[in-house]
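Enquirer: Here's my sequence, what's the structure:
(one chain, ligands or ions: 1)
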Amino acid sequence: MRKVLYPGTFDPVTNGHIDIIKRAMELFDGVVVTVAINPSKTPLFTVEERVQMIRDSLTGFNNITVDSFDGLVVEHAHQVGAIGIIRGLRAVSDFEYEFQMALMNRKLAGDLTTVFLMPHEKYTYLNSSIIRNLAELKSDVSEFVPQVVLQKLKEKFSQ
Ligand code: COA
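Expert: Numbering: from 1, shown residues only. Below you'll find the predicted structure:
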C-alpha cells in the first residue's frame, strides 16, 4: 500500500489544504494528514480541535487518516509506514522554504520522497493566518474554509 504523509499546522485547515489532500488521495492508496504540535507557533485552535476539523471536513473518504505528531516529520512518516511526504506549493514564494525542508528531510531519511502538489489557482493566495485574521474581523470566509471550520471560527471569535 503506497501511503503518504501530509504534515502541517492546519490552524485551521482551509479549502486549499483540502484541495491538496484530495489530489494526494487520487495518486496514492492512503493519505495520513498529520497536525504538527509546533512549539514555534502559537495556534488559535488546540491540536485536538485541528485534528477534528480535518476529520469532519473529509467524511466519506476511506483512504485517509488524521493524527498529530511531535518531533521530526520523517520519524512520524516512518512510524505510519509512509513512502513520502506531501507538501503544497502555492506560489514561487513557497519554493525556497519548501526546497530547503525537502532536502533536509531527504538528508535525514533518504528513503522518503517529498512530493509537491499545486492546489487550484483559486487557492494560491490562501493561508491560515489570513483566514484567522479575516474571521476575527468578522469578514465572511465561507468561500475559503469547510463549513465545520467556519462554525468553529465563529464560536472562537464570539467568546
Ligand atoms: N492552502 C492554504 N494554505 C496553505 C497551503 C494550502 N494548500 N499550504 C500551506 N499553507 C499555509 C498554511 O496555512 C500555513 O499558514 P500560516 O503560516 O499562515 O498559518 C503556512 O502555509 C505554512 O504551512 P504549513 O503546512 O502549516 O507548514 P509549516 O511551515 O507550519 O510547517 C511542518 C509544518 C510540520 C511541515 C514543519 O514545521 C515540520 O516539519 N515540523 C517538524 C519538525 C521537523 O521535522 N523539522 C525538520 C524539517 S526540515
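
Enquirer: which phi and psi does Thr65 have?
Expert: phi -130, psi 150 (degrees, to the nearest 10).

Enquirer: Assign a three-state SS to the nearest residue to it once chain neighbours are set aside, would you?
Expert: Leaving aside its sequence neighbours, Thr65 sits nearest to Val32 (CB to CB, 6 or more residues apart in numbering; 5.1 Å). For every residue, glycine as well, the C-beta is placed using N, CA and C. Three-state assignment for Val32 (DSSP: H, G, I helix; E, B strand; the rest coil): strand.

Enquirer: Was I right to think Val32 contacts Val4?
Expert: Yes: using CB atoms under 8 Å, Val32 makes contact with Val4 at a distance of 7.3 Å.

Enquirer: and for the two, which residues touch both?
Expert: Ala82 (CB atoms under 8 Å, 6 or more residues apart in numbering).

Enquirer: Excluding chain neighbours, what is closest to Val149?
Expert: Leaving aside its sequence neighbours, Val149 sits nearest to Pro12 (CB to CB, 6+ apart; 4.7 Å).

Enquirer: how close does that neighbour sit to Thr124?
Expert: 18 Å (CB to CB, to the nearest Å).

Enquirer: Report pLDDT for Met25.
Expert: Note on Met25: pLDDT of 97.

Enquirer: Going along the chain, name the strands of the chain.
Expert: Secondary structure of the chain, counting by DSSP state E: strands at 3-8, 30-36, 64-69, 84-88, 113-117.

Enquirer: gap between the longest one and the chain center?
Expert: Averaging C-alpha coordinates over strand 30-36 and over its chain gives two centres that are 7 Å apart (CA atoms, centre = their mean, to the nearest Å).

Enquirer: Walk me through which strands it pairs with, and which way each runs.
Expert: Counting by DSSP bridges, the strands paired with strand 30-36 are strand 3-8 (parallel), strand 64-69 (parallel).
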